[in-house]
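Q: Give me a 3D structure for the following:
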Amino acid sequence: MLRWVLSSLFIIQLYVNTARSWPANSETPSYDENQENIPKSYNGYKLLRTSPIVHSQLADALLLSLDGKHGVHFWTFPRENETTDILASPRLFPHVQSLLDGLGVDHDVVHHDISEILAEENVAVQEEATGRQLASQHRMNWNTYHRYSDILGFCRFLSESRQSVPGGPSISMETIGRSTEGRDIVLVKISNGGSGSKPAIWLDGGMHAREWISPATVTYIMNALVTDSAKNSDLLNAFDWYFVPVVNVDGYEFTHTNDRFWRKTRSRTSSYLGCKGVDPNRNWGFMWGGAGTSNDPCSDVYRGPKAFSEPETLAVSQAILARRNQIKMYLTFHAYSQMILIPWGYGRQKPADYNELYNLGLKGKQALEATYRTPYRLGTAPDLLYSAAGGSDDWAKGAAGIKYSYTFELRDTGRYGFALPASQIKPTGEETFNAVRALALGLQQAGNKIGGSGGVPQKPRLPGYPKLPRPGSIGATDLLDDEVGETASNNYDGELPQ
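A: Okay, the predicted model is just below:
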């Protein structure tokens with residue numbers, strides 16, 4: 001108890017000192033509709049990397065001091081014994097350095113001008129044939145990162161041309177919901193028949209807007225299944241495949257038009273400063289409001305006023321629940337860190353069937369690493385990164401009852417971070433597809449087990465989302481319909497996330 005009190009006082013004192021030293025007229029956001037339409041420049045922004053944080057109190061102090069500050073972005077969040085990547089504007093860079101020096105945290109400047117790597121990140125879209133798919137009918141080529149309209153065009157092409165490939169799989173596309181700004185959220189099903197009687201695997205990407213490699217990888221896997229359907233007939237015969245290439249469609253489009261490193265959705269919030277958006281991977285209704293989330297709308301990990309407050313997460317959750325008896329594996333793709341994460345993410349507890357998930361995950365990891373020798377780590381988010389409540393992978397297992405649930409943190413480990421060059425799309429897609437293939441075949445060998453949250457029994461959260469049991473010490477809210485939960489007196493509930 002005394003240690004907890006002393007740690008809390010230490011953090012509070014550091015926060016007060018930071019508040020005193022921070023520039024009074026720092027880059028505080030204020031809402032301006034016209035200003036939003038001006039693309040954000042990252043000229044002169046610097047990326048710093050700290051030395052490993054020596055203890056958790058320092059990590060908490062760093063997070064509390066900087067998260068939500070306009071002009072400062074965590075690319076990786078502070079955690080004990082791990083490095084932290086921080087992007088800072090030219091104006092605030094000296095103050096961030098001063099804060100780190102004051103905390104006794106060594107650091108280096110990894111990139112002196114982040115706009116230089118942005119210039120190398122993407123290439124112009126070129127019309128070219130991709131396997132059986134003609135460039136005149138869609139623009140996807142996996143040599144570049146594409147706008148959402150191109151991704152929609154690719155999905156539409158697949159669904160409309162399914163009869164043009166003799167012996168090919170059946171492909172359908174449906175709109176499962178619309179975003180805050182009215183964009184379609186689409187679900188693509190690839191199947192060799194069976195009328196929904198076969199087990200299924202669900203894949204989604206683009207939860208966090210700035211992680212461009214995620215939708216690129218998900219669409220690469222879609223394309224591989226379809227264009228090499230004969231080679232992948234074992235996968236198509238064994239499973240139906242469901243894909244949501246981009247969950248956070250508004251945020252993803254915003255990163256192409258306005259702010260390359262935007263992370264959240266684009267919904268309005270209660271912020272008097274005009275801060276927009278909710279972190280969609282803190283908004284799912286399982287252990288919502290716990291560790292690694294914030295109640296500050298200006299934070300990159302703002303959890304929202306309640307679980308499933310965002311139309312994007314609500315639409316995807318309802319689509320999964322409608323197929324929960326068929327779906328036997330849930331895969332969601334993020335970046336960056338090169339990891340395969342296993343539930344639970346909300347805290348240090350592990351599910352009762354953790355060893356089963358680990359052993360199957362190991363097959364995926366080994367297949368991925370065998371492709372280009374890209375090293376990956378396997379384990380839970382709290383063990384490898386940090387605790388993060390309200391994530392889709394925890395919800396899929398704990399609420400929807402999908403036994404096998406994994407999060408991929410794709411390339412790289414920080415050289416380029418979120419600005420991974422487009423030249424790495426194909427190798428990332430290829431090695432990840434090999435991992436997915438190994439997971440699917442391993443699942444088939446395991447007997448296509450379904451259900452079982454692995455330690456926290458849950459009823460499926462159908463529309464209305466009845467309240468969940470309180471998860472002990474992590475401070476989550478008993479969430480009732482239309483209830484807005486607050487779980488802490490400050491902005492954070494425990495450790496922080498990605």
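Q: For the stretch 151-300 of the chain, which segments count as strands?
A: Ranges of strands within the stretch 151-300 of the chain are 170-178, 184-191, 200-204, 240-244, based on DSSP state E, counting those that start in this stretch.
Q: Let's see the first one as PDB, backbone CA atoms only.
A: Looking back up the chat, that one is strand 170-178. What follows is strand 170-178 as a C-alpha-only set of coordinates in PDB (Å, rounded to 0.1, in the frame of the first residue of the first chain):
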ATOM      1  CA  SER A 170     -18.000 -18.000 -55.000                       C
ATOM      2  CA  ILE A 171     -17.500 -14.400 -53.800                       C
ATOM      3  CA  SER A 172     -20.100 -12.000 -52.400                       C
ATOM      4  CA  MET A 173     -20.000  -8.500 -51.000                       C
ATOM      5  CA  GLU A 174     -22.400  -6.800 -48.600                       C
ATOM      6  CA  THR A 175     -22.600  -3.600 -46.800                       C
ATOM      7  CA  ILE A 176     -22.800  -4.300 -43.000                       C
ATOM      8  CA  GLY A 177     -23.000  -0.700 -41.900                       C
ATOM      9  CA  ARG A 178     -22.100   2.900 -42.500                       C
END
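Q: Describe which strands that strand pairs with in its sheet and in which direction.
A: strand 184-191 (antiparallel) (DSSP bridges).
Q: how far out from the middle of the chain is the partner strand?
A: Averaged C-alpha coordinates place strand 184-191 at 19 Å from its chain's average position (Cα atoms, centre = their mean, to the nearest Å).
Q: Report the angle between it and strand 240-244.
A: Orientation note: strand 184-191 sits at an angle of 160 degrees relative to strand 240-244 (axes from the mean of the first three to the mean of the last three Cα atoms, to 10 degrees).
Q: Name the residues that touch strand 184-191?
A: If you take Cβ atoms under 8 Å, 6 or more residues apart in numbering as the criterion, strand 184-191 is touched by 152, 155, 158-159, 169-179, 198, 222, 225-226, 236, 240-247, 249, 312, 315-316, 319. Every C-beta, even on glycine, is put in place using the N, C-alpha and C of the backbone.
Q: Kindly report the same for stretch 419-435.
A: For stretch 419-435, contacts defined as Cβ under 8 Å, 6+ apart pick out 114, 117-118, 120-123, 142-145, 212-213, 216-217, 220-221, 224, 260, 333, 335-336, 340, 364-365, 367-372, 374, 408, 410-412.
Q: excluding its backbone neighbours, what's nearest Phe93?
A: Lys46 (5.2 Å; Cβ to Cβ, 6 or more residues apart in numbering).
Q: neighbours of the one you found, just the number please.
A: Neighbouring residues of Lys46 were enumerated by other Cβ atoms under 10 Å; the total is 20.
Q: tell me the domain boundaries of the protein?
A: Under the assignment automatic domain parsing, the domains of the chain span 2-121, 123-498.
Q: just these: most buried one?
A: Most buried of the domains of the chain, by mean neighbour count (mean count of other Cβ atoms under 10 Å): domain 123-498, with a mean of 20.
Q: Wait, Ser115 touches Lys40, no?
A: No - shown here, Ser115 and Lys40 do not form a contact pair, counting by Cβ atoms under 8 Å, at 10.7 Å.
Q: Let me see the backbone angles for the residue nearest to Phe93.
A: The phi and psi values for Lys46, taken as degrees, to the nearest 10, are phi -120, psi 140.
Q: For stretch 407-414, which outside residues touch it?
A: With Cβ under 8 Å, 6+ apart as the test, stretch 407-414 has contacts from 49, 75-76, 83, 85, 110, 211, 213-214, 217, 331-341, 345, 374, 381, 385, 391-393, 420, 424, 428, 432, 435, 498.
Q: got a list of what the residue nearest to Phe93 touches?
A: Residues touching Lys46, when contacts are defined by Cβ under 8 Å, 6+ apart, comprise 87-88, 90, 93, 109, 111-114.
Q: Out of the residues you listed, which comes closest to His256?
A: Nearest to His256, judged by Cβ to Cβ, of the contacts of Lys46 is Ile114 at 16.8 Å.
Q: Leaving out the residues flanking it, which one is nearest to that closest one?
A: For Ile114, the spatially nearest residue (Cβ to Cβ, 6+ apart) is Tyr45, at 4.5 Å.
Q: Report the contact partners of the one you found.
A: 87-90, 113-115.
Q: switch the cut-off to 7 Å
A: Shown here is Tyr45, whose contacts under the criterion Cβ atoms under 7 Å, 6 or more residues apart in numbering are 87-90, 114-115.
Q: thinking Met207 is in contact with Pro280, fair?
A: Yes - counting by Cβ atoms under 7 Å, Pro280 is a contact partner of Met207 at 5.3 Å.
Q: anything in contact with each of the two?
A: Going by Cβ under 7 Å, 6+ apart, residues that sit against Met207 and also against Pro280 are 247-248.
Q: next helix or strand past whichever helix or strand Trp395 is part of?
A: Element membership for Trp395 (DSSP states H and E) is helix 392-398. The C-terminal neighbour of helix 392-398 among helices and strands, as given by DSSP H and E, is strand 404-410.
Q: Sheet partners, orientation included, of that following strand?
A: Strand 404-410 has its sheet partners listed here by DSSP bridges as strand 327-335 (parallel), strand 339-342 (antiparallel).
Q: Sounds good, over and out.
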